[in-house]
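Chemist: here is a sequence together with a model predicted from it:
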Amino acid sequence: MLAGVPLTLQLAFSSIALGLGMAIALALIVRAGLRPLSWLAESYVFVFRGTPLLVQIFLVYYGLGQFRPELQEIGLWWFFRSPYYCALLALTLNTAAYGAEIVRGGLQSVPAGQIEAARAFGMSGLTLYRRIVAPIALRQALPAYGNEIILMIKATSLVSTITLMEVTGLAHKLISETFRSFEVFFAAGTIYLLMNFVVTRLIDLAERWIAPDLKRENRVAMVPLDTR
């Protein structure tokens, strides 16, 4: 089953990277409040957050496969006939919806007073976002987005339903050959646990690097005070 780890990580991090770009764009559209673009973005987030990921994978792989002649005419059949690309597309669309809400929450957490102070110093546009809004929003959104990364690593197990041989797909294959379901699934769960353990450590290091002062404040706050 370790042979399926590279495919699992490739799907997870590729979808996270592509989904992050979409999430930032969706969050900025919603924040801008430009109708009907913001309405379309909110509808997208609502649909993909409100439907199961497994159904979305089936719709992309099996559902769009019914439109083979139309896809061949526009030159996209090579994409939708591949289980890998269909899985990557479904995972990306799904994580973009959740990521948009995380990014939007991070942007909303930026104090209005700091934005006004930056404008008073003459900052505007991209400079304001780069120096003030983005760093603060990143500090607030990183923990939640770290959870999204972990969820996406686990969500890759669903792509085994469309013939991809990642960790769970290889686990199903081993069970059909050995009929030892408990041992195989226990090993598969251990592999996912180890992958997510490494990811959580990396996310924690990133949080300490981005916001070392907050980590120190949390440690000080946890020290019991002597009230005698």
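Modeler: Good, I have the coordinates.
Chemist: now do the helices in the protein.
Modeler: For the chain, the helices defined by DSSP state H cover 5-32, 37-50, 53-58, 68-73, 77-80, 83-108, 112-120, 125-128, 134-155, 167-178, 181-210, 212-222.
Chemist: tell me which of those helices sits most buried.
Modeler: When the helices of the chain are scored by mean count of other C-beta atoms under 10 Å, the highest mean neighbour count falls to helix 83-108 (a mean of 21). In this view, the C-beta of every residue, glycine as well, is placed from N, C-alpha and C.
Chemist: just checking, what packs against it?
Modeler: Applying 3 or more C-beta pairs under 8 Å, 6 or more residues apart in numbering; DSSP states H and E, we find helix 83-108 packed against helix 5-32, helix 37-50, helix 53-58, helix 77-80, helix 134-155.
Chemist: by how many degrees do that helix and helix 5-32 diverge?
Modeler: 40 degrees (axes from the mean of the first three to the mean of the last three C-alpha atoms, to 10 degrees).
Chemist: could you check the angle helix 83-108 makes with helix 134-155?
Modeler: Computed by the same axes, to 10 degrees, the angle between helix 83-108 and helix 134-155 is 150 degrees.
Chemist: where does the chain dip in pLDDT?
Modeler: For the chain, applying pLDDT under 70 flags the ranges 212-228.
Chemist: between the helices and strands packed on helix 83-108, which gets nearest to residue 71?
Modeler: For residue 71, the closest of the helices and strands packed on helix 83-108 is helix 77-80, at 4.3 Å, according to C-beta to C-beta.
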